[in-house]
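Trainee: Predicted model and sequence below, questions to follow.
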Amino acid sequence: MRFYVPTDIYVEKDCVKNHAQNLLAVGKRAFIMTGHSSAKKNGSLDDVIAVLDADHVPYQVFDQVEENPSTDTVGNAAQQAREFGADYIIGIGGGSAIDAAKAVALLLANPSVDADNLHKAPEKPLGHVPVVAVPTTCGTGSEATPVSIITNHKIHLKKSIPHRIFPALALVDGKYLASAKKTLIINTAVDALAHMVESILNVYSNTFNRMCPEYGLKLWGEFKDALLSNSPVDEGLYEKLMLTSTIAGMSIAHTSTAVPHGMSYDLTLHQGTPHGPAVGYFLAAYVEVCEKKVPEDVKHILALLGLKSTADFSEMLYKLIDKCKVSREMRDKFTAAMKVNRPKLDLVPGGITPEEVDFIYDKSFITE
Ligand SMILES: [Fe+2]
């Protein structure tokens, strides 16, 4: 058994300011990557810039990271980072910004790698410049994983790149959730839930790495009613939401995500479904399938969440993210692709049959 998360992680209020010296120690010229507006709105970009300005560290901001960052975007950003002479990358935002920052860190250190070839397995592991992650949503966990999900529109592929890139430093502050809409908090928290459930219902789960999802699921169970209520999320919960997300990231850092994540990528690619719900739609049916194979694990997950049955779990997700509508044609296309997705199917404890794959899609979709 092995436990390995080499990222220096801090979770607290005013984290960037409090750990300015850690941030400054990472490099001399920073290339900052964010989405179009949220990092400006929630104050995270200002916090990072204040630290860099105070120490006269040159930086350049790239604020063009889209949801589901593309090979074109990271290729363009890497070119700009190279011209600027950056020696480290700071990703501020949700999973898109941090995943893109990781990909750019790899491209920057390997000028011969074309962004369009990021999904090709390298002959030997490639190096990267350091990455600092400042998450501003409570779901991705990318600040604590080596994973970078990038989309190549030229070959209709959304998938993690095969390179493992742990951030050197993660500065996690719940206050950045204050400007987030409740829907975003719910969607990203469902992603974190999926990371923990898929980490336990996974052939790589063991007593050592279960420490993360078991504790994180307990925290998730403590704030689930706040997510389900019609009221805004109380600011007293922001840090707990962020901490849970980081713990969920540490969970999949050891096991990787499983079938629901594998199923979600086509849904996002073809229908534009946000990542959290795209994963969440498949989660209840996956748990139901796993209940036959590892009943004690499913019972434990439900107990940690404060739920009695898989029906309760399904009902909770339905209330949070509703159901997914797809055409029959798309359903068949997604199902056929998933049935040959061995890397994900092989992670199911006790294996999964083609009929069970069909069951998950049929239980998760309303087919029109
Ligand atoms: Fe995810």
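Mentor: Structure received. Being a predicted model, the structure only gives us computed values, none of them experimental. Numbering: from 1, shown residues only.
Trainee: Can you verify my assumption that residue 89 contacts residue 133?
Mentor: No: using C-beta atoms under 8 Å as the test, residue 89 is too far from residue 133 to be in contact (9.5 Å). C-beta coordinates here come from the backbone N, C-alpha and C atoms, glycine included.
Trainee: Need the overlap of contacts for these two.
Mentor: By C-beta atoms under 8 Å, 6 or more residues apart in numbering, residue 89 and residue 133 have these common neighbours: residue 101.
Trainee: got a list of what residue 116 touches?
Mentor: Listed by C-beta under 8 Å, 6+ apart, the contact set of residue 116 reads 71, 75, 152, 154.
Trainee: The second one belongs to a helix, doesn't it?
Mentor: Okay, so that is residue 75. Yes: using DSSP: H, G, I helix; E, B strand; the rest coil, the assignment for residue 75 is a helix.
Trainee: Quick check: it touching residue 111?
Mentor: No: taking contacts as C-beta under 8 Å, residue 75 lies outside contact range of residue 111: 11.6 Å.
Trainee: Compare the two (neighbour count), which wins?
Mentor: residue 75 (17 against 10; other C-beta atoms under 10 Å).
Trainee: I'd like the distance between the more buried one and residue 246.
Mentor: Residue 75 is 29 Å from residue 246, where distance means C-beta to C-beta, to the nearest Å.
Trainee: Need the three-state assignment for residue 251.
Mentor: Three-state call for residue 251 (three-state DSSP): helix.
Trainee: So that it lines up with my notes, have the first residue be 361 from now on.
Mentor: Will do, 361 is the new start, and the previous item becomes residue 611.
Trainee: Next, the contact list for it, please.
Mentor: Taking C-beta under 8 Å, 6+ apart as the definition, contacts of residue 611 comprise 501, 555, 556, 559, 560, 569, 572, 573, 576.
Trainee: again, only using 7 Å
Mentor: 555, 556, 559, 572, 573, 576 (C-beta atoms under 7 Å, 6 or more residues apart in numbering).
Trainee: Which helix or strand contains the residue nearest to the spatial centre of the chain?
Mentor: Nearest to the geometric centre of the chain sits residue 500, at 2.7 Å (C-alpha atoms, centre = their mean). For residue 500, there is no enclosing helix or strand under DSSP states H and E.
Trainee: Identify the residue spatially nearest to residue 412, adjacent ones excluded.
Mentor: Nearest residue to residue 412 in three dimensions, chain neighbours excluded: residue 419, at 5.1 Å (C-beta to C-beta, 6 or more residues apart in numbering).
Trainee: okay, that neighbour: pLDDT?
Mentor: For residue 419, the pLDDT comes out at 98.
Trainee: Could you check how many residues crowd around it?
Mentor: Residue 419: 17 neighbours (other C-beta under 10 Å).
Trainee: Could you check how far it is from residue 496?
Mentor: With distances taken as C-beta to C-beta, residue 419 is found 18 Å from residue 496.
Trainee: cool, and residue 602?
Mentor: In terms of C-beta to C-beta, residue 602 sits 9 Å off from residue 496.
Trainee: So for those two, which sits in the more crowded spot?
Mentor: Each of residue 602 and residue 496 has its neighbours counted (other C-beta under 10 Å); residue 496 has more, 30 against 27.
Trainee: contacting residues around the residue nearest to that one when sequence neighbours are not counted?
Mentor: Excluding the flanking residues, the one nearest residue 496 by C-beta to C-beta, 6+ apart is residue 536, at 4.0 Å. Contacts here follow C-beta under 7 Å, 6+ apart; on that basis residue 536 touches 402, 403, 404, 496.
Trainee: So residue 536, which state does it fall into?
Mentor: Per three-state DSSP, residue 536 ends up helix.
Trainee: State the pLDDT value of it.
Mentor: In this model, residue 536 carries a pLDDT of 98.
Trainee: So which residues of the stretch 611-728 of the chain form helices?
Mentor: According to DSSP state H, counting those that start in this stretch, the stretch 611-728 of the chain carries its helices in the segments 619-631, 635-653, 655-665, 670-681, 688-698, 702-705, 714-724.
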